[in-house]
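1. here is a sequence together with a model predicted from it:
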Amino acid sequence: MASADQNGVIGSGRVIRDYFIKAVKVDWDYLPLQMNVVDSYDTYWHDTLLRRNNRVGSKYWKYVYRRFTDDTFTTEITTPKSFGIVGPLLRGEVGDTIRVHFRNNVSVPLSVHPHGVQYTKLNEGALYQDNTSQRNKADESVGPGGSYVYTWEVTSGFAPRDGDPNCIPFGYHSHVNAEKETNAGLLGLLVICRSGILTPLGVRSDVDRELVLYFDSIDEGKSWLVHENLERCGDPAECKRLADAGDPDFEESLKKDSINGYMYGNLPELTVCAGDRVAWYIFSLSAELHPVNILGQTFLESGQRKAVEGIWSATFREAEMVARNPGRWLVQCMNSEHNRNGMKVEMAVEDCGKTVSDQLSGVNRKYFLKAETVDWNYAPSGLNKFYNDMPLDALDAESRIYFSKSHNGKRLIGGTYRKSQFVEYMTINYAARVKRTPEEEHLGILGPVIRAEVGDTITVILYNTCPHNVSIFLQGVSLAISQSGVNSKFPIDSTGNTGRIISPGENGTYMFTVPWAVAPGDDDPDCLTYIYHSNADMERDVSSGLVGPLLVCKPGTLDPVTGKQKYVDREMFLYLSSIDENYSWHIEHNVASYVNANVTSVDVTDEDFVESNIMRSVNGRSYGNIEGLHMCRDENVVWHMLSFGQTEGNHAVTFNGNNVNIDGINRDSHVIISGQGFSAVMKPINAGNWSVFCHNTIHYDAGMTALYHVDTCGASSPPFYQVTGKVRRYYIAAVELKWDYSPRTIHPIDESNYSDPSHAQHQRVEKGGKFVGSVYTKAVYREYTDATFLLEKQRGPEDIHLAVLGPSIKAEVGDTLIVVFKNAASRPYSIHAQGLLYNKSNEGMKYNDGQSMPVGDAVPPGTTFTYTWQVPSTSGPTNIGQNCINFMYHSAVDPIRDVYSGLAGPIVVCRPGTLDAHGKRVDSVEKEFALLFLAFDENKSWYIQKNIKENCPQADTSSSDFIESNKYDSINALIYNNVEGLVAKIW
C-alpha cells in the first residue's frame, strides 16, 4: 500500500512527492447562508439563487478533487474551508518528481491534466487527437471506478525566474471534456517553488499563509451534471422545458459569478492575522476578465505593487500581501457586472498581537472635495472630431444611436446626461473652486488628481451636494476599517460600523496613510497610478461619474511647491471606460429631462435604449471631443491610464506616432481592464496630430477615441529619416481570394466530422441556403518578388502557418523599412505599421489628423504607394527581455472592417546583430511562429454582401443564428486544428 510521505521520497538524488487524489461527487451550495451578507443588492440573487418552480436555486451537484492519505482512498486530508470547490494544493520544488495517484469515483470518465510541469504523452491527462498510439492513451480518460498514476517532472524550464516570487502557481484540471469538467468543479492548483522553500511537511517556509482565490463565471448549464441539477428545480419539467427552449433568463440563472464556488460573501473562514505575510494564488479558467481587488490591502507581485490583479482565462498569479488594518474587508471582482452578480466575499483581518508599523514621516496632504451634479455632454461639438467632422447624429453614422434623440423610431436621451462629479475647492468653506489649468483641461469628468508620497497622510474632507449617498475610497493606500466607504449590510468591525457614508447635504472626513508597506516596488516607476472613487454603491457611483486619479509616489518624487512629479514635463490622465448610464443614480432624471417627463412611458429595458446609454469614452468625451492633449517634442511625458466598467471593459490603449515605455518595455499598445491603472512614459519625437484610442473593435466604433498633439514648440525639425542600419525592402499587395476557415472538418477532440448536419458545430460550415458556409471572399496581404508584382513569393514550411496573415516584416533597431504596396483589391486599403516610426505621409491610417492629401492613408484600387518606416530604439527591445519583440501591421482606412476583411500581418523588431540580410535569425532561436488569435466577424467585413449574394441570397440575414454563423474564433483565420506548419524539434 502506497502512502503520502509529505517529506518526499528520496531516490537517486531526487524528491518524489506522492499525492492521492480522488474525484468525488458533492452537494454544493453557492449561497449556504441563503442571503447576501455583503450589501443590500438583492435583485439578482433573488432571481437566480432562490429555488422556485422555474429555478434550480443555489444548490448543485458537483464533481471535485479531494486528497487522501494513501491509495486506499479512505482517509481524506481536508483542505481549508475557504478553498471551496478548489482541489488541494499540489506542491513541488525544482528538481522534484510529482506523482498523482488518481481514483475516479464518479460516473463519467475523467483525467488530471497539469499546467506548468513537464510530462510525457503518457502523463498528459488530456484527450484530443494527438496521433499517439493506443498504448499511450491510458492517461487521457480514466473510466468510472478506475485509477491511474500520473508522473510529472518539475524541471528548470518551469522554475521561477529571476524577478519571480519563490513559488508560482499553475492549474490542474480534468481534460476529457474540459468545458463540462471545469464547470462541474474539477480543478486545483500546482505550486512550483525554488529549491529549499518547502518545509519537510511540504508547505512554504517563506510565508505565514497560502490562500486561494478562484474567480470564475461558472456555467452550470455546461456541466456534466446539468440534467441531475435540473431535477432540483421546484418543477423539474418546467426547468427542462426552459433549458431545451434556450430561454435566456433561465440560462442566465445557471451562471454563477463566484469566488471558490461561493457568492455574495458566503465564503467561510477566509481569515488572516494583521502582520501575516500571505501568498495569494489567484486564478481563473473561464473566458471572462476578472480584476481582483481586496479593499484596504495591496499586493506585491514580481517586484511590482498593485491594488488590482488582472486575470483572465487560464491565468495563474502569485501575489503577496502583508495583511493590515483589522476588520472585515471586501474581496471582489471590479468588473461591475460580475460584482453585481455575486463575485464578492469578505476577508477577516484579526488582531493577533503582531506589530504592524505605519512608518509615517511625511506631510499631511489635505483635499477639500465636493460631490456635485453637472449636466455633461459627451461630445460638446456634436461632431466626430476623430474621424471626419461629420455630425454624430447623422442618419448613416454609427454614432447616431448614442447622440440622436431618436433611433429606429424610439426616443432616446442623446449625448447629454446629468452626472455626479468630484470637484476640488480651496478651503473647507467651499466658496472657491480650485481652477483647472490648461494642462488639466483634458481631465474632463475626472475628479482632481490626488498625489502623495510614501510616508504621507491624505486627508479628504468631502461635502455631498448630490441627491444620493456618496463616499470616497482610495486604491493603493492604507486605511483603518473605520474609514471604509463601503455601505455594508452588517458591521465590519467591533464598533458596529457599517461604512463611512455621507448623506445628501452632509460632509465628512476620511483619512488615508501611505506607509512603506504600500510603497511602489523595486521594479515600479516613481509613481503608481491608481483610481479613487465613491464606494457607497460602487457601480452606480462610478457610472454616475464619481471617479478620479491617484498617484502614490516614492519619497522625493513630488516637487514641494507644485506637488507634481519632478523631471516630468507633462502628465496626461486618460480614463477609458464604457460608462453605463443605465446604472447611473440620475437615469430617471435623464429620462424625464431629455426624453419624456412621463418616465413610465419609456421602456428602459429596450435593447436600443440600453445600448444608447453605454457611452464609450475617454475622460467622459467621445469621438475625439477631448481637449487639452498637447505636448512639445522631446518633452518627458507620463501618461497615467485608468479604467473602470463592466464585462466589456477590456481596453487595448493604442498610441499612433510615438511609442511608450511601460514597465521597461517599448510598446505602442497595452491592455487595461476595469479597476486598473498604469503609467506609460513617452518622449515624443514625432510632431503632428496623432491618435490614441481603444483598439477593441466595439469601443473604437462607438467613440473611445482621442487626438493628441505634438508641437515643435519653436525647435527646428531634424531630418526625419536618418539611416544607421540596413534598408530592407518588401513588395506587398492586397489581393482578394476565397478563404476557407475549415478546409478539414474533423473535430480535434473526438474526431467527429462536423460537416454532418447533426453535429453541434455544423453551423461552422453549414450552407444550405441559410448560411454562407466556411468559405468567404477576403482581402489578404501577399508578398511578391519585385515591384512588377508579377511573381508571388511562395510560402515554404517555415511560413505556411501564417495562413491568412501577410508576410513577416522583419528589421533590426536602426534599420529603415521600405514597403512597396500595391492595392490589387477592389476598394481602398493601406498598410499601417504599429510600433514603428513614420511621418504623416507614411502612417497608413485614416482619421482627422489635419493632413490635406493623405495618399498613404487610403491607396486606391489598382495603384501603388511606397511606405518608408524607421526603426528607432523606441521600437525595439530594451535591456530586459528577449532579442526580438513583435508588433502588427494592418490596413487602417477603416481599422475594424479592414482587419475583419483579412488585412493583417506580423512585424518583428530585433536587436542589432540578430538578423541576417534576408531577415533570418542568427541567434539561438531556430523557429518562429506568428499567431493571430482573433474572433473574425464576417458580418463586419467589406465583403459580407458579396458573400451573401454568392452563397445564400435568400437567407434571413437579420436572424441571430445567421449573424452568429459568420463569427469565427480562430487562429490565423483557421478553426479546429486547421493551422498547419506548427512543427518544432525536440531538444
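-> Received, thanks.
2. rest of the way, CA atoms for contacts and neighbours
-> Will do.
3. distance check, Val374 against Arg418.
-> Spatial separation of Val374 from Arg418 under the definition CA to CA, to the nearest Å is 6 Å.
4. revised request: answer the last question for Lys566.
-> Note on Lys566: its distance to Arg418, by CA to CA, is 37 Å.
5. neighbour count: Val374 and Arg418, which is higher?
-> When neighbours are counted by other CA atoms under 10 Å, Val374 and Arg418 differ, and Arg418 comes out ahead with 23 against 14.
6. contacts only, for that one.
-> 373-376, 586, 589-590 (CA atoms under 8 Å, 6 or more residues apart in numbering).
7. mind checking pLDDT for Gln6?
-> If you check Gln6, the pLDDT there is 48.
8. no, scratch that, I was asking about Gln565
-> 96.
9. just Lys354 next, same as before
-> In the prediction, the pLDDT value recorded for Lys354 is 94.
10. ok, Val207 - contacts?
-> Here Val207 is in contact with 276-279 (CA under 8 Å, 6+ apart).
11. show me how to select, in ChimeraX, the buried members of those residues.
-> Of the contacts of Val207, the buried ones go into a single ChimeraX selection, burial set by 16 or more other CA atoms under 10 Å:
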select :276,277,278,279
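12. among the contacts of Val207, which are in strands?
-> Helix and strand membership here follows DSSP state E; of the contacts of Val207, those in strands are 277-279.
13. what residues are up against Cys527?
-> 520, 551-554, 557, 679.
14. would you mind measuring from it to Ser361?
-> According to CA to CA, Cys527 stands 18 Å off from Ser361.
15. and Phe422, by the same measure?
-> Relative to Ser361, Phe422 is positioned 28 Å away (CA to CA).
16. the two - which one has more neighbours?
-> A side-by-side neighbour count of Phe422 and Ser361, using other CA under 10 Å, places Phe422 first with 25 against 12.
17. is it true that the more buried one touches Val374?
-> No: proximity of Phe422 to Val374 does not meet the contact threshold set by CA atoms under 8 Å, at 10.2 Å.
18. wait, Pro748 sits on Gln129?
-> Yes: contact criterion CA under 8 Å: Pro748 and Gln129 qualify, at 5.3 Å.
19. before we move on, the earlier item: need the buried ones from the contacts of Arg418 selected in PyMOL.
-> Command for PyMOL that selects the buried part of the contacts of Arg418, burial taken from 16+ other CA under 10 Å:
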select buried, resi 373+376+586+589+590
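20. could you dump the contacts of Arg418 to JSON lines with distance to Tyr41?
-> Formatted as JSON lines, the entries for these read as follows, by distance: CA to CA, whole Å:
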{"residue": "Thr373", "distance to Tyr41": "24"}
{"residue": "Val374", "distance to Tyr41": "27"}
{"residue": "Asp375", "distance to Tyr41": "28"}
{"residue": "Trp376", "distance to Tyr41": "28"}
{"residue": "His586", "distance to Tyr41": "18"}
{"residue": "His589", "distance to Tyr41": "22"}
{"residue": "Asn590", "distance to Tyr41": "23"}
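21. which of the contacts of Arg418 fall within helices?
-> Secondary-structure check on the contacts of Arg418 using DSSP state H: residues within helices are 589-590.
22. for Asp916, state which of the contacts of Arg418 is nearest.
-> The shortest gap between Asp916 and any of the contacts of Arg418 belongs to Trp376, at 56.3 Å (CA to CA).
23. for that closest one, name its beta-bridge partners.
-> Beta-bridge partners recorded for Trp376 (DSSP bridges): Tyr417.
24. for this protein, where's the lowest mean pLDDT among helices and strands?
-> One helix or strand of the chain scores below all others by mean pLDDT, DSSP states H and E: strand 9-11, with a mean of 50.
25. any idea which helix or strand comes after it?
-> Sequence-wise, the next helix or strand beyond strand 9-11 is strand 14-29, with elements assigned using DSSP states H and E.
26. okay, now the unreliable bits of this protein?
-> Screening the chain residue by residue with the criterion pLDDT under 70, one finds the ranges 1-13, 599, 647, 717-723, 987.
27. can you list the domains in it?
-> If the domains of the chain are taken from automatic domain parsing, they occupy 9-306, 366-711, 727-971, with pieces of a single domain joined by a plus sign.
28. wait, Tyr741 sits on Asn972?
-> No: shown here, Tyr741 and Asn972 do not form a contact pair, counting by CA under 8 Å, at 9.1 Å.
29. look up how far Arg99 lies from Pro169.
-> Pro169 is 17 Å from Arg99, by CA to CA.
30. re earlier: of the contacts of Arg418, which pair is most distant in space?
-> Longest distance between any two of those is 13.1 Å, between Trp376 and His589; criterion CA to CA.
31. hey, where'd the helices end up in the stretch 351-500 of the chain?
-> Taking DSSP state H, counting those that start in this stretch as the test, the helices found in the stretch 351-500 of the chain are 400-403.
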